[in-house]
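Chemist: Next comes the sequence, and after it the predicted model I'd like to discuss.
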Amino acid sequence: MSRLRLIFTESIRSLGANVSTTVAATMTVLIGMFLLGLMIAFGTWTISWSNHVKRELLVKVYFTDSATGAQVNAVASKLQANPLVKHVKFISKEDALKDMQRRYPSLTKNLPGNPFPNSEQVTPVHAEDIDAIAASLRPLPPGVSKVNNGAQRSHRILRVAHLIDIVFLIAVIILIAASTLLIANTIRLSIFSRRREIEVMKLVGATNWFVRGPFMLEGLICGVGGALTAVLLLILSKEVVLPSILGHLDAGPDVHAWPFWLDAVLLVTSGLGLGAAGSGLTLRRFLKV
């Protein structure tokens, strides 16, 4: 306990004696964690939106007007037996007309008849399977006039969704790496100014971990201070800025970012880890006495 008390006391003394580097390290963590928090919130919302769009990708099987009930049931059975298919829903021509009248009343109010065919609406297990599902119905079974998987639109959506996943992952890695380097360089200034003190401690027999302890604790304090401040700024942004942005975005009710508490926990944990890692890695070269 006395050793821990000594390390804690030394860390507090050092933070007070080196206010400029303490503020610089804390501000560096704050900026890095704030940007990381924004990236996590925006990135997870965008990924959720891309998943929402992918769930809307369907394969539609249209029947001829002369298709019999047995032919319709045969196609439905074949689709339900396909492991790539999640759900099959029959859409009668009457239901199709009602849906179009609800969605586009101005275009359908003067129709002389019902131009829509009976169809099966096929939901894939994975959006990437729509091509394989459509291919499984070629050549067209008896009673089927057309199979539509919106190939051009669906391929474009899948490319964009995969690009979003890759960009989000790369951006998070770059932010974490940049934050670690900035914190390490900032803390290095504090350690460099006390290199003589470290050399003396090593010459009188202090172990590496005894020397490293106060500096790592300083990094932890700066890290958690910057991360908590970043969380407060994100709360302010969430309450003031976010409502005006979401009001202009047309997304489904199932589109959402990660819960804010999870984002906050990740930021505080990252701040602690980056602060300790920045101090520990930077101190290694000064321990070689």
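Modeler: Noted; the coordinates are in hand. In this text, all values refer to a predicted model and were calculated from it rather than measured experimentally.
Chemist: does the closest residue to residue 257 other than its chain neighbours count as helix, strand or coil?
Modeler: Once flanking residues are discounted, residue 257 sits nearest to residue 45: 3.9 Å by CB to CB, 6 or more residues apart in numbering. For glycine as for every other residue, the C-beta is placed from the backbone atoms N, C-alpha and C. At residue 45, secondary structure determined by DSSP: H, G, I helix; E, B strand; the rest coil is helix.
Chemist: how close does residue 45 sit to residue 172?
Modeler: 14 Å (CB to CB, to the nearest Å).
Chemist: When these two are compared, which one has more neighbours?
Modeler: residue 45 (18 against 14; other CB atoms under 10 Å).
Chemist: Now for residue 171, which secondary structure element holds it?
Modeler: Element membership for residue 171, per DSSP states H and E: helix 151-193.
Chemist: Against which helices or strands is that helix packed?
Modeler: If you count contacts as 3 or more CB pairs under 8 Å, 6 or more residues apart in numbering; DSSP states H and E, helix 151-193 packs onto helix 19-55, helix 130-135, helix 208-240, helix 260-283.
Chemist: And the last one, how far out from the chain middle?
Modeler: The one in question is helix 260-283. Centre-to-centre, helix 260-283 and its host chain are 18 Å apart (CA atoms, centre = their mean, to the nearest Å).
Chemist: what do you get for the shortest one?
Modeler: Taking CA atoms, centre = their mean, one finds the center of helix 130-135 at 29 Å from the center of the full chain.
Chemist: contacting residues around that helix?
Modeler: Residues from elsewhere that reach helix 130-135 (CB atoms under 8 Å, 6 or more residues apart in numbering): 57-59, 79, 82, 84-85, 122, 124, 147-151, 154.
Chemist: now the closest residue in space to residue 237 that isn't next to it in sequence: how far from residue 171?
Modeler: Nearest non-adjacent residue to residue 237, counting by CB to CB, 6+ apart: residue 38, 7.8 Å away. As judged by CB to CB, residue 38 and residue 171 stand 10 Å apart.
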